[in-house]
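K.L.:
Pasting a predicted model and its sequence here:
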Amino acid sequence: MKRPGISKFPHSAALFQFCQKVLCEQKGTKVHDQEVGTLLKFNPSDCSHWKRGEKNVRSVFALSKLADTLQLEHSLVHDLVMGLMGVDEAYYEYKESRRFLPSSLEGQQNPSPENLEFAQQRMVRFVETLLQRADIQAAPLYLPEIFRFFPFVTLQPIEMVDKLSRILRVKPGQYTIQFKKGDLKAQVRMSIAQDLARILFVGERKRFPELGIYNADVAEWEQRIFIAGLLLPKALLLEELGKADIRKNTISELASLFWVPKSLLGFQLQAFCQGKEAKTAEVRHLQLEQSL
């Protein structure tokens, strides 16, 4: 006899919940179960079985169809259905992958390239100083090693629904970052780092005069640079790239090693490549000037 409340294929049920959340976000309204089933041309009965975890949806063709239709990274759907992350973690990474697109600086009013560059340089120096103080020699970085430099911020694991972490202002100048209790996923670590960035660069910026005056136009960009630089130090990333086994999935291997979401790794790799290209172009320009 089947035990009530126990799904035969729980990861497929999680996939249904995730697809439903993504559809709701994309359409900006609540969607019915059958709208999710339509993605795979399921009839109402099959859709109901999928939702309850009584139908195993994990074929390559089905997952590819879902990823293409919802405009998702294929690896994200695969990791979810393989149980490597839960619904909340998958949805968080889906949202973050869009925030890290070059054209999506949320909340910013078209900041000038000069302001973005200045903000980036300032944030890179801040992170490098922090990492030097923590004496980080190998990946991954453990958050308690960083939080000890900010005694006005504490961490607290609790039972949470729909959020990976949140900021609780205990009293003026004192904060607690509460995070989802259980196995600490890469997405939870990144969410904690995001909350720390909001506290440091918005709520308590006056503690760090080297950061300058708060500028709303580059606030989002500052936080991205901080999070990427903190969890994916470029020196360590370059070192591990040199040791990467090309026979394996390099992105997955590095994301696992640094304990970060793939979306964050992609952002940092892109920033690293762009920086390298810029330096190469500058050297070529100087060589051309000297030859004239």
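P.N.:
Arrived safely, thanks for sending. Residues are numbered from 1 along each chain as shown.

K.L.:
C-alpha from now on. contacts and neighbour counts both.
P.N.:
Will do.

K.L.:
Any regions of the stretch 101-250 of the chain where pLDDT drops low?
P.N.:
By pLDDT under 70, the weakly predicted segments of the stretch 101-250 of the chain are 101-110.

K.L.:
can you do 80?
P.N.:
For the stretch 101-250 of the chain, the stretches with pLDDT under 80 are 101-113, 161-162, 246-247.

K.L.:
show me where it has helices.
P.N.:
Listed in chain order, the helices found in the stretch 101-250 of the chain under DSSP state H, counting those that start in this stretch are 113-134, 143-147, 186-198, 219-231, 234-243, 250-258.

K.L.:
Any idea which of those helices gets closest to residue 26?
P.N.:
When those are ranked by distance to residue 26, counting by Cα to Cα, first place goes to helix 186-198 at 21.1 Å.

K.L.:
Which residues are in contact with the closest residue to residue 73 other than its chain neighbours?
P.N.:
Excluding the flanking residues, the one nearest residue 73 by Cα to Cα, 6 or more residues apart in numbering is residue 67, at 6.2 Å. Shown here is residue 67, whose contacts under the criterion Cα atoms under 8 Å, 6 or more residues apart in numbering are 73-74, 77.

K.L.:
Quick check: residue 67 is in a helix.
P.N.:
Yes: the assignment for residue 67 (DSSP: H, G, I helix; E, B strand; the rest coil) places it in a helix.

K.L.:
From residue 45, how far out is it?
P.N.:
The gap separating residue 67 from residue 45 is 22 Å, by Cα to Cα, to the nearest Å.

K.L.:
Domain map for this protein?
P.N.:
Per the record's domain assignment (automatic domain parsing), the chain is made up of the domains 10-84, 113-282.

K.L.:
want to try a markdown table for those domains, with distance to residue 98 as columns?
P.N.:
Shown next, in a markdown table, are the domains of the chain (distance: least, Cα to Cα, whole Å):
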| stretch | distance to residue 98 |
| --- | --- |
| domain 10-84 | 10 |
| domain 113-282 | 9 |
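
K.L.:
So for residue 92, which of those domains sits nearest?
P.N.:
Between these, domain 113-282 lies closest to residue 92; by Cα to Cα that is 7.0 Å.

K.L.:
and that closest one, how far out from the chain's middle?
P.N.:
Domain 113-282 sits 10 Å away from the centroid of its parent chain (Cα atoms, centre = their mean, to the nearest Å).

K.L.:
Could you do stretch 23-41 as well?
P.N.:
24 Å.

K.L.:
ok, residues contacting that stretch?
P.N.:
Around stretch 23-41, the neighbours that count as contacts under Cα under 8 Å, 6+ apart are 16, 19-20, 43-44, 46-48, 51, 62, 65-66, 69-70.

K.L.:
give the contact list for residue 111.
P.N.:
Counted by Cα under 8 Å, 6+ apart, residue 111 has contacts 217-218.

K.L.:
how close does it get to residue 220?
P.N.:
Summarising the geometry, the distance separating residue 111 from residue 220, computed by Cα to Cα, is 11 Å.

K.L.:
now do residue 77
P.N.:
For residue 77 relative to residue 220 (Cα to Cα), the value is 27 Å.

K.L.:
what about the closest residue to residue 160 other than its chain neighbours, how many neighbours?
P.N.:
Leaving aside its chain neighbours, residue 160 sits nearest to residue 180 (5.3 Å; criterion: Cα to Cα, 6+ apart). With neighbours defined by other Cα atoms under 10 Å, the count for residue 180 comes to 21.

K.L.:
thinking again about what came up before, tell me the pLDDT of the residue nearest to residue 73.
P.N.:
Per-residue confidence for residue 67 comes out at a pLDDT of 93.

K.L.:
likewise the one 3 residues further on?
P.N.:
With respect to pLDDT, residue 70 scores 93.

K.L.:
same check, this time on the one 3 residues further on
P.N.:
With respect to pLDDT, residue 73 has a value of 88.

K.L.:
where does it sit relative to residue 79, distance-wise?
P.N.:
Distance, residue 73 to residue 79, using Cα to Cα: 10 Å.
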